[in-house]
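# structure for this input, please:
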Amino acid sequence: MKSPAVVNFSATPHSVELREFARPEPGPEDVVLAVEAVGVCGSDLHQWTSSHSWQVNYPVVLGHEFGGRIAELGGAVRGWSEGDRVVSETAAVIDANSPLTRAGLYNLEPKRKGFGYGVDGAMTRFVRVPARCLHRVPASLAMEQAALTEPCCVAYNAVVHNSRVQPGDRIIVLGPGPIGILCAAMARLAGAEVALVGLERDRARLEIARVYGCEVIIGDATAWARQRDGLGVDGVVDAAGVSAALKLALDLVRPAGWISKVGWGPQPLNFSLDPLVQKNVTLQGSFSHNWPIWERVLALLSSGRLDVRPITGGVWPLEEWHTAFERMHSGEIVKAVLRPV
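Residues are numbered from 1 along each chain as shown. Sure thing, here's the model as predicted:
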């Protein structure tokens, strides 16, 4: 049985097309998931434009933000049934014996391979998923929203787990992409005053941050950063896709503050990190997520405390993937969701 799939087939820019893809067979500890919704990530767009900085196993089916129903169980899978509504984590391949895996930090395991770049992802009808990656989706949560659990987990990890946000903090988030907006929303949930910063071309996406109770700044954020006592903000989340944003973060953060860097940027820095030392600033990288973060985020989504509907710009059939990619890439919408069925 074959179904259409959105395949990234080489490192040449725009080497993505719809191809026929055979339904996978489950291994003993895998399930085959019938995909009902899959989010388009900025990393999908980076692979589409060949502006990414990570190794890709070409050809590969894109898509790592997804949910659906279990269609088939591997022989050793226990605790799951066909028809269960689930979402999947992204760590498709890990070393089970790694010290990091045993410590619950399999997201940082060096041999980790993720869906959509290391192994085939979910922009197709059926995807093979290790049962250890699954989380149950409550009946009250629509699959188009549940499929966006993954970027919410990225934001939770960057803002809550890897930072030290406290109620009353003033936080700046750089970059109004999906992750930036979700980081701003997470900081608001943690009780901070938040400003999301972007450029004039980002105005439409910036406005969505107001729904989450954030201030919106186009251009220079210095005045907002120094409004309280002239020293800068307590923390900066760098969710921009360029390395130069780190220099701006160092300018805006107060002495003894923190920077959480979640945005990728392959460009060399070309500036001094002396302000990091002089200000005694904590610089924290943030990558991916793990099981407890997924459970917490699903609880937030299910309770309604975190709502991803404001960032969802539309749902397209899989065959219209190019339209969805273009509308996200242009900044017209924040987030696109594809529906393979």
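
# give the buried residues for the helix-or-strand element of the chain with minimal mean pLDDT.
One helix or strand of the chain scores below all others by mean pLDDT, DSSP states H and E: helix 203-209, with a mean of 94. Neighbour-count burial for helix 203-209, counted by 16 or more other C-beta atoms under 10 Å, picks out Arg205, Leu206, Ile208, Ala209. C-betas here are computed from N, CA, C, even on glycine.

# and the closest residue to Arg136 other than its chain neighbours, how many residues sit next to it?
Using C-beta to C-beta, 6 or more residues apart in numbering and skipping the chain neighbours, the partner closest in space to Arg136 is Val86 (6.1 Å). Counted with other C-beta atoms under 10 Å, the neighbours of Val86 add up to 21.

# same thing with His161?
17.

# all helices of the stretch 151-300 of the chain, in order?
For the stretch 151-300 of the chain, the helices defined by DSSP state H, counting those that start in this stretch occupy 178-189, 203-209, 222-225, 245-252, 274-278, 291-303.

# closest one to Ile70 among these?
Closest approach to Ile70 among the helices of the stretch 151-300 of the chain (C-beta to C-beta): helix 291-303, 16.6 Å.

# which secondary structure elements does that closest one sit against?
strand 134-136, helix 143-146, helix 149-156 (3 or more C-beta pairs under 8 Å, 6 or more residues apart in numbering; DSSP states H and E).

# take the ones you listed and lay them out in JSON lines including mean neighbour count and distance to Val197.
Shown next, in JSON lines, are those (neighbours: other C-beta atoms under 10 Å; distance: least, C-beta to C-beta, whole Å):
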{"stretch": "strand 134-136", "mean neighbour count": "17", "distance to Val197": "33"}
{"stretch": "helix 143-146", "mean neighbour count": "22", "distance to Val197": "27"}
{"stretch": "helix 149-156", "mean neighbour count": "27", "distance to Val197": "16"}
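
# nearest spatial neighbour of Gly219, chain-adjacent residues omitted?
In space, and not counting its chain neighbours, Gly219 is closest to Leu199: 7.0 Å by C-beta to C-beta, 6+ apart.

# pull the number of nearby residues for that neighbour.
13.

# kindly report the same for Asn280.
For Asn280, using other C-beta under 10 Å, the count is 9.

# pLDDT wise, what is it at?
Note on Asn280: pLDDT of 98.

# for it, which residues are in contact?
Pro255, Ala256 (C-beta atoms under 8 Å, 6 or more residues apart in numbering).

# cool, Pro310 as well?
Ile208, Val211, Tyr212.

# so how far is Lys279 from it?
Distance from Pro310 to Lys279, counting by C-beta to C-beta, to the nearest Å: 34 Å.

# what do you get for Pro59?
46 Å.

# swap in Val38?
41 Å.

# same check, this time on Arg305
34 Å.

# looking at those two, which is more packed in?
Between Arg305 and Lys279, Lys279 has the larger neighbour count (other C-beta under 10 Å), namely 17 against 10.

# surely the more buried one touches Trp258?
No. Lys279 is beyond contact range of Trp258, at 10.4 Å (criterion: C-beta atoms under 8 Å).

# sorry, back to before: now render the buried residues of helix 203-209 as CSV, adding distance to Gly263.
Compiled in CSV, the buried residues of helix 203-209 are given as follows (distance: C-beta to C-beta, whole Å):
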residue, distance to Gly263
Arg205, 14
Leu206, 16
Ile208, 18
Ala209, 16
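
# returning to that earlier point: dump the helices of the stretch 151-300 of the chain into JSON lines; add distance to Pro13 as well.
As requested, the helices of the stretch 151-300 of the chain are exported to JSON lines (distance: least, C-beta to C-beta, whole Å):
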{"stretch": "helix 178-189", "distance to Pro13": "22"}
{"stretch": "helix 203-209", "distance to Pro13": "23"}
{"stretch": "helix 222-225", "distance to Pro13": "36"}
{"stretch": "helix 245-252", "distance to Pro13": "23"}
{"stretch": "helix 274-278", "distance to Pro13": "34"}
{"stretch": "helix 291-303", "distance to Pro13": "33"}
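
# so which of the ones you listed is the most packed in?
helix 178-189 (a mean of 28; mean count of other C-beta atoms under 10 Å).

# hmm, back to that, closest to Pro28 out of the helices of the stretch 151-300 of the chain?
Across the helices of the stretch 151-300 of the chain, closest to Pro28 is helix 291-303 (C-beta to C-beta), at 20.8 Å.

# using CSV, write out every CA atom in that closest one.
C-alpha atoms of helix 291-303 as CSV (Å, rounded to 0.1, in the frame of the first residue of the first chain):
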residue,chain,number,x,y,z
TRP,A,291,9.0,12.6,28.5
PRO,A,292,8.0,14.7,31.6
ILE,A,293,8.0,17.9,29.5
TRP,A,294,5.6,16.3,27.0
GLU,A,295,3.2,15.3,29.8
ARG,A,296,3.2,18.7,31.3
VAL,A,297,2.6,20.4,28.0
LEU,A,298,-0.2,18.0,27.1
ALA,A,299,-1.8,18.9,30.5
LEU,A,300,-1.6,22.6,29.7
LEU,A,301,-3.1,22.1,26.2
SER,A,302,-5.9,19.8,27.6
SER,A,303,-6.8,22.2,30.3
